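>>> Build the 3D model from these lines:
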Amino acid sequence: MMIPEPVVQSPQEGQALNTRFIDRSPRVAVVIPAFRVSRHILGVIRQIGEEVHRIYVVDDACPEQSGDLVQTQCQDPRVVVIRHSVNGGVGAAVITGYKAALQDQADIIVKLDGDGQMDPGLVADFVAPIAAGQADYTKGNRFFDLEGLQQMPRIRLIGNAVLSFTNKISSGYWDIFDPTNGYTGIHANVLRCLPLEKIDRGYLFETNVLFRLNILRAVVWDVPMQARYGDESSSLKISLVARQLVVEHIRNFVKRIFYNYYLRDVSIASIELPLGLLGVLLGCVLGGYHWIHSASLGVATPAGTVMLATLPLVAGLQLLLAFIHYDIAAVPRRPLHLAMRSAPRRA
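As a prediction, the model looks like this:
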């Protein structure tokens, strides 16, 4: 099924949409990407509460025909099945569901998986901060409950901890954890601002969305949750995506720094970063050169020479720490969709 592009609203239409959103309960949609989830998806749909107005099941060319299963055996009138003729990845399936929800004038769109690992009863928890005007985007965090972490496989626990730290650096959201968690909610007006055509369609979808949200200065909240592990299997191969993850995080970090500190705004941090890098580089080069030179002569490096290399190194490190402190304090705090009530935009 082909989903047309979301209609671009005029400012007047956007203002009317936000007024309608304030005057009544929001229209909530749920997007479920379906690939090899035939054993669980019907149970997931049955647990979705009445606060949800529409459920989009996106069959991403599933070899188990999950879409046909839902179409024939699910009697829930809220369910809409959308099929991809070719497998495009989890990101592609979510984007298809997003576009369908925008076409149907949803106010808040929640994405959850169909494999039973995410509790559909938590949908309201992901909607509440957005509906209350406290967040633009909500995402699950499985690390709030330390007792619940005992159920998480050790390799996933370590991998998520590493990914969380690297994502803090690349995305700029220093106050969130578990960045690859696919249980998310987003305000429709913020979703319209995202350049969906530029977002990764595969396993980097969630981290790529966080990077794009930071560029928009959107507010992101963590929602405590517990993952449920059963007989489902993961198709994610860490060895195949590790290199791609590293490259993606480096690229996102460079883009974010350039956009936020040099293109759209200039602050004291814009000066601290290059001077800090220059100081560290100069100190390392001077220190390395004189150490090698002294070693080749078989003599001790003079104290004055050591200090000459140490001073720019220490000063550079202090400037870099000051930049990091500024970056942490610059995490977005004012929800974007509140500012868009009078003038919604779309990237």
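>>> quick one, what contacts the closest residue to G202 other than its chain neighbours?
Nearest residue to G202, sequence neighbours excluded (Cβ to Cβ, 6 or more residues apart in numbering): G89, at 4.0 Å. Every residue, glycine included, has its C-beta placed from N, CA and C. With contacts defined as Cβ atoms under 8 Å, 6 or more residues apart in numbering, G89 is in contact with D60, R201, G202, Y203, F205.
>>> how close does the nearest residue to K139 once chain neighbours are set aside sit to L308?
Across the structure, with Cβ to Cβ, 6+ apart as the measure, the residue nearest K139 apart from its sequence neighbours is T184 (4.7 Å). In this structure, T184 lies at 52 Å from L308, with Cβ to Cβ, to the nearest Å as the measure.
>>> ok, what's across the strand from the nearest residue to S66 once chain neighbours are set aside?
On the basis of Cβ to Cβ, 6+ apart, the spatially nearest residue to S66 that is not a chain neighbour turns out to be A34, at 4.0 Å. Per DSSP bridges, the residues bridged to A34 are D59.
>>> does A34 really touch V70, like I thought?
Yes - assessed by Cβ atoms under 8 Å, A34 is found in contact with V70 at 7.3 Å.
>>> Now the common contact residues for the two.
A shared contact of A34 and V70, defined by Cβ under 8 Å, 6+ apart, is any residue touching both; here these are I41, V57, D59.
>>> can I get those in TSV with distance to F126 and neighbour count?
Putting those into TSV (distance: Cβ to Cβ, whole Å; neighbours: other Cβ atoms under 10 Å) gives the following:
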residue	distance to F126	neighbour count
I41	19	26
V57	18	27
D59	23	29
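>>> V94: which of those is nearest?
Ranked by distance to V94 (Cβ to Cβ), the shared contacts of A34 and V70 are led by V57 at 11.9 Å.
>>> CA atoms only: put the helix or strand where the closest one lies into CSV for me.
Secondary structure from DSSP states H and E places V57 in strand 52-60. In CSV, the C-alpha atoms belonging to strand 52-60 read as follows (Å, rounded to 0.1, in the frame of the first residue of the first chain):
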residue,chain,number,x,y,z
VAL,A,52,-5.4,4.7,21.1
HIS,A,53,-7.5,5.8,18.1
ARG,A,54,-5.7,4.0,15.3
ILE,A,55,-3.1,1.2,15.1
TYR,A,56,-0.9,0.9,12.0
VAL,A,57,0.6,-2.5,11.4
VAL,A,58,3.3,-2.2,8.8
ASP,A,59,4.2,-5.5,7.2
ASP,A,60,7.8,-5.0,6.0
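>>> Which one of T184 and L308 is surrounded by more residues?
Remark: of T184 and L308, T184 carries more neighbours, 22 against 15, as counted by other Cβ atoms under 10 Å.
>>> residues in contact with that one?
If you count contacts by Cβ under 8 Å, 6+ apart, T184 has them with V110, K111, F126, Y137, T138, K139, G140, E206, V209.
>>> so the first one makes contact with V127?
Yes - with contacts defined as Cβ under 8 Å, V110 counts as touching V127 at a distance of 6.6 Å.
>>> Tell me the residues that contact both of the two, please.
Overlap of the contact sets of V110 and V127 (by Cβ under 8 Å, 6+ apart) consists of V28, G185.
>>> Isn't I176 up against K139?
Yes - taking contact to mean Cβ under 8 Å, the distance of 7.0 Å between I176 and K139 places them in contact.
>>> element containing Q75?
With the criterion set as DSSP H and E, no secondary-structure element contains Q75; it sits in neither a helix nor a strand.
>>> Need the contact partners of the helix or strand where N160 lies.
Under the criterion DSSP H and E, the helix or strand holding N160 is helix 154-171. Outside helix 154-171, the residues that touch it by Cβ under 8 Å, 6+ apart are 142-143, 149, 152, 173-174, 176-180, 207, 210-211, 213-214, 238, 245, 248-250, 252-253, 256.
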